[in-house]
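Asker: Predicted model and sequence follow; I will ask about them next.
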Amino acid sequence: MEPALVSSDQLARVVEQAGYAFGWGRSYQAVMGTTIGAVFAAVGLDEESAKLSVAPAEIDSQCTALAAYSERRGHSAATGDSYKRSWKRLSTIAYRWAAAGGDNAASNFWDTLEDLRDLRPKRLSHQRTDSPGDLERSNSFTVKLSTGRATVTIPDGVTDADLVVLVRAILNRKR
């Protein structure tokens with residue numbers, strides 16, 4: 001495979017693998033999937049059989065085609081902009097994936113892409129459950145539940161991995 005050419009199936013795998021590596025939600029992965037179809041249509045390629053260039057030199061012309069395609073379909077300018085942003089990100093990741101060997105990339109490939117991780121704060125921030133005047137020890141917190149308030153105290157030295165185990169145990173608990 002030429003490093004800059006990928007099929008829609010390969011792009012879908014990139015979305016799935018990047019979604020896992022970067023913690024993308026299902027809705028964001030769906031947007032990326034829709035973008036794959038849109039870019040193939042925008043540049044006039046058959047999504048089932050053709051391969052699309054993800055070379056950096058091609059991105060601007062593909063984004064121009066995406067904007068025109070979106071406009072022809074009667075979408076808002078914001079939709080066209082969303083397609084363009086999504087394609088810029090996905091094509092950059094896919095280019096690096098293809099250059100690293102695609103499906104045969106090293107097992108640590110996804111750990112090498114920290115520069116492509118989205119560092120913007122998420123739109124939905126966690127719900128603040130304490131009043132600003134509450135002073136608690138740094139290893140405990142209080143939350144409001146439907147049944148009242150609960151205070152959780154975490155022992156000193158707990159790692160992030162320990163917290164993940166704790167959360168999984170709570171989520172998997174059968175009632």
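Answerer: Here it is on my side, so go on.
Asker: Count the neighbours of Val143 for me.
Answerer: Counted with other C-beta atoms under 10 Å, the neighbours of Val143 add up to 11. All C-beta spots, glycine's among them, are computed from the backbone N, C-alpha and C.
Asker: what's the helix or strand for it?
Answerer: Using DSSP states H and E, Val143 falls within strand 140-145.
Asker: Show me what the mean pLDDT comes to for that strand.
Answerer: Across strand 140-145, pLDDT averages out at 78.
Asker: longest single helix anywhere in the chain?
Answerer: helix 77-99 (DSSP state H).
Asker: which of the residues in that helix are buried?
Answerer: Neighbour counts over helix 77-99 (16 or more other C-beta atoms under 10 Å) mark 79-80, 82-84, 86-88, 90-98 as buried.
Asker: Please write out the alpha-carbon positions of that helix in PDB.
Answerer: This file holds the C-alpha atoms of helix 77-99, laid out as PDB (Å, rounded to 0.1, in the frame of the first residue of the first chain):
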ATOM      1  CA  ALA A  77     -22.000  26.300   6.700                       C
ATOM      2  CA  ALA A  78     -21.400  24.900  10.200                       C
ATOM      3  CA  THR A  79     -21.900  21.400   8.800                       C
ATOM      4  CA  GLY A  80     -19.300  22.100   6.100                       C
ATOM      5  CA  ASP A  81     -16.900  23.500   8.800                       C
ATOM      6  CA  SER A  82     -17.500  20.400  10.900                       C
ATOM      7  CA  TYR A  83     -16.700  18.100   8.000                       C
ATOM      8  CA  LYS A  84     -13.500  20.100   7.300                       C
ATOM      9  CA  ARG A  85     -12.300  20.000  10.900                       C
ATOM     10  CA  SER A  86     -13.100  16.300  11.300                       C
ATOM     11  CA  TRP A  87     -11.400  15.500   8.000                       C
ATOM     12  CA  LYS A  88      -8.200  17.500   8.900                       C
ATOM     13  CA  ARG A  89      -7.900  15.600  12.100                       C
ATOM     14  CA  LEU A  90      -8.800  12.100  10.700                       C
ATOM     15  CA  SER A  91      -6.600  12.500   7.700                       C
ATOM     16  CA  THR A  92      -3.600  13.500   9.800                       C
ATOM     17  CA  ILE A  93      -4.100  10.500  12.100                       C
ATOM     18  CA  ALA A  94      -4.700   8.200   9.100                       C
ATOM     19  CA  TYR A  95      -1.500   9.500   7.400                       C
ATOM     20  CA  ARG A  96       0.600   8.700  10.400                       C
ATOM     21  CA  TRP A  97      -1.100   5.300  10.800                       C
ATOM     22  CA  ALA A  98      -0.500   4.400   7.100                       C
ATOM     23  CA  ALA A  99       3.100   5.600   7.200                       C
END
